[in-house]
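In: the following comprises the amino acid sequence and a computationally predicted model.
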Amino acid sequence: MGGTEKSGGGLTEKVAGLRHNGCQHGRDRTVRHGDWKGQVRSWSSCASPGHSLEEIGLTSVRPGKQQVYLQIRCDEDCEARTEQVISSLRVTAASGD
């Protein structure tokens, strides 16, 4: 459901540049839960009415931590599901890091 990269990169800018053919861009919003803050981009009517997705670029408020990219797909409005996923997010370093 997601991927990580080291802090210092422009993850928020990368997420802002993503496009989805067949989807309608909705509103963007800022989120903050616990140690995470970032931007959410919402898309609706993906491939068919009622299908939505949200893309999220998160940065830890703790210096030196990983950044996280999430894409959440839903059959309806994704906001509640996105909030639930972000509020329960736990990230550990990959082996070898």
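Out: Sure, I can see it.
In: ok, the residue nearest in space to the middle of the chain - contacts?
Out: In the chain, the centroid-proximal residue (CA atoms, centre = their mean) is residue 56; its distance is 1.4 Å. Shown in contact with residue 56 (CB atoms under 8 Å, 6 or more residues apart in numbering): 15, 31, 38-41, 68-72, 82, 86. C-beta here means a position set from N, CA and C on the backbone, and glycine is covered the same way.
In: ok, residue 41 next?
Out: Neighbouring residues of residue 41 by CB under 8 Å, 6+ apart: 15, 16, 18, 25, 26, 28, 54, 55, 56.
In: for ChimeraX, write the select line for the buried members of those residues.
Out: Remark: buried members of the contacts of residue 41, expressed as a ChimeraX selection using 16 or more other CB atoms under 10 Å:
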select :15,26,54,55,56
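In: please flag which of the contacts of residue 41 sit within helices.
Out: Taking DSSP state H, the ones among these that sit in helices are 15, 16.
In: one step back: beta partners for the residue nearest to the centre of the chain?
Out: Beta-bridge pairing for residue 56 (DSSP bridges): residue 40, residue 70.
In: now do the one 4 residues further on
Out: In this structure, residue 60 has the following beta-bridge partners (DSSP bridges): residue 36.
In: any low-confidence regions in this structure?
Out: Residues of the chain meeting the criterion pLDDT under 70: 1-9, 93-97.
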